[in-house]
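Novice: Turn this into a model:
(one chain, ligands or ions: 1)
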Amino acid sequence: MSEDTLFAKMASGEIPSDEVYSDEEYYAFRDINPQAPTHVLIIPRKPIPKISDAEDGDRALLGGLVLKATEIARREGLEDDGYRLVINCGKQGGQTVYHLHLHILGGRQMNWPPG
Ligand code: 5GP
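Specialist: Numbers count the residues shown, from 1 in each chain. This is a model prediction of the structure:
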């Protein structure tokens, strides 16, 4: 797996980003093209390209990713009104950056079905 993804470079500070959260396992930053008043991306520092590449050994990492997203959403003040967590996977899933990331979207009413 390449360590060289755009998002890995943001997590390492090589490319600047608007940091929201950082620890040894995860990095979160604001999306450059926000689709909602709050649009944060959280990544595991481990460069798993897409969710379908995750393995059994990634269970704790993936559980932690979702829990960290709820923690960030709470800190962003999204908990009372609700929010959406999204993982796009592959071409038809709409994934454009191949470093696993979870979108945290909030601050407006979400619609269903998604586009
Ligand atoms: P995907 O479509 O792969 O699920 O989501 C990729 C997301 O990354 C998009 O929402 C896009 O706006 C965001 N993105 C792409 N390039 C950059 C960048 O250079 N900086 C930041 N902060 N976000 C980016």
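Novice: C-terminal to the longest helix anywhere in the chain, what's the next element?
Specialist: With DSSP state H setting the assignment, residue counts place helix 59-75 as the longest helix in the chain. Proceeding N to C from helix 59-75, the next assigned helix or strand is strand 83-86, under DSSP states H and E.
Novice: buried residues in the longest helix of the chain?
Specialist: Residues 61, 62, 65, 68, 69, 72, 73 are the ones in helix 59-75 that count as buried (16 or more other Cβ atoms under 10 Å). C-betas here are computed from N, CA, C, even on glycine.
Novice: which residues touch the residue nearest to residue 76 when sequence neighbours are not counted?
Specialist: Of all residues not flanking residue 76 in the chain, residue 38 sits nearest, at 5.1 Å (Cβ to Cβ, 6 or more residues apart in numbering). By Cβ atoms under 8 Å, 6 or more residues apart in numbering, residue 38 lies in contact with 76, 78, 83, 104, 105, 106, 107.
Novice: Just the buried residues out of these, in ChimeraX syntax.
Specialist: Per 16+ other Cβ under 10 Å, the buried members of the contacts of residue 38 correspond to this ChimeraX selection:
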select :76,78,83,104,105,106
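Novice: I'd like the mean pLDDT over whichever strand or helix holds residue 92, please.
Specialist: Using DSSP H and E, residue 92 maps to helix 90-93. Helix 90-93 comes out with an average pLDDT of 98.
Novice: need the next SSE after it, C-terminal direction.
Specialist: strand 102-106.
Novice: For that following strand, which strands pair with it and how are they oriented?
Specialist: strand 38-44 (antiparallel), strand 83-86 (antiparallel) (DSSP bridges).
Novice: Now render the ones you listed as TSV, adding mean pLDDT and distance to residue 21.
Specialist: Putting these into TSV (pLDDT from 0 to 100; distance: least, Cβ to Cβ, whole Å) gives the following:
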stretch	mean pLDDT	distance to residue 21
strand 38-44	98	7
strand 83-86	98	15
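Novice: Out of the contacts of residue 38, which is nearest to the ligand?
Specialist: Checking the contacts of residue 38 against the ligand by Cβ to the nearest ligand atom gives residue 105 as the nearest, at 9.6 Å.
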